[in-house]
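K.L.:
Here is my input, please return the structure:
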Amino acid sequence: MSTVSSTDMQVKQLDKSGQAFEVVIKPPSKDASEVKLSSPPRSPTCLDAKTIQEKLEKAEERRKSMEAETLKKLAKEREHQMEVLSKAAEVEAAFAKKAQEELEKKQELYEQNQQAQRQAKIERLKEMDQRAEVVRQNKMIMTNSPKA
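P.N.:
Residues are numbered from 1 along each chain as shown. Down below sits the predicted model:
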């Protein structure tokens with residue numbers, strides 16, 4: 001068992017592995033109670049009208065400076081908001097324009113398809129009329145011709 005000593009405490013090793021220790025703290029000495037801690041020296045507290053006026057002026061300057069800084073910050077924020085709104089309006093306008101163009105393109109294609117279908121139907125009806133006319137003529141020829 002070994003013992004290490006310092007001025008304020010004493011450490012004793014309880015086992016040989018070095019894992020258990022006993023720490024004994026010495027009681028405070030009489031010298032420590034007599035020592036007084038002193039606060040750092042203060043600046044003179046003599047406040048005359050001139051120093052008070054200077055302090056008030058400095059405080060007013062700080063207040064004005066802070067107010068100007070706040071106004072600057074608000075103006076910058078407002079400008080940023082306006083930019084964001086402007087950008088959003090541009091994006092919305094571009095989207096609306098693109099959607100309108102696509103709609104017009106679809107409508108034009110639809111009308112072209114409708115026109116093509118009508119034209120095809122008219123052609124089919126004309127062909128049917130021609131075939132019907134040929135059949136009528138053949139029927140007339142057959143009925144008018146003498147039977148052999």
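
K.L.:
Do you know the pLDDT at V23?
P.N.:
With respect to pLDDT, V23 has a value of 78.

K.L.:
what does K139 give?
P.N.:
On pLDDT, K139 comes in at 89.

K.L.:
cool, the one 5 residues further on as well?
P.N.:
pLDDT, the model's per-residue confidence, is 81 for N144.

K.L.:
Neighbours of it, how many?
P.N.:
N144 has 7 neighbours, counted by other C-beta atoms under 10 Å. Where C-beta positions appear, they are placed from N, C-alpha and C, glycine not excepted.

K.L.:
gap between the residue positioned nearest the centre of the chain and S39?
P.N.:
Nearest to the mean C-alpha position of the chain, by C-alpha atoms, centre = their mean, lies V84 at 12.1 Å. V84 is 54 Å from S39, where distance means C-beta to C-beta, to the nearest Å.

K.L.:
wait, is K16 part of a helix?
P.N.:
No. K16 is assigned coil when assessed by DSSP: H, G, I helix; E, B strand; the rest coil, not a helix.
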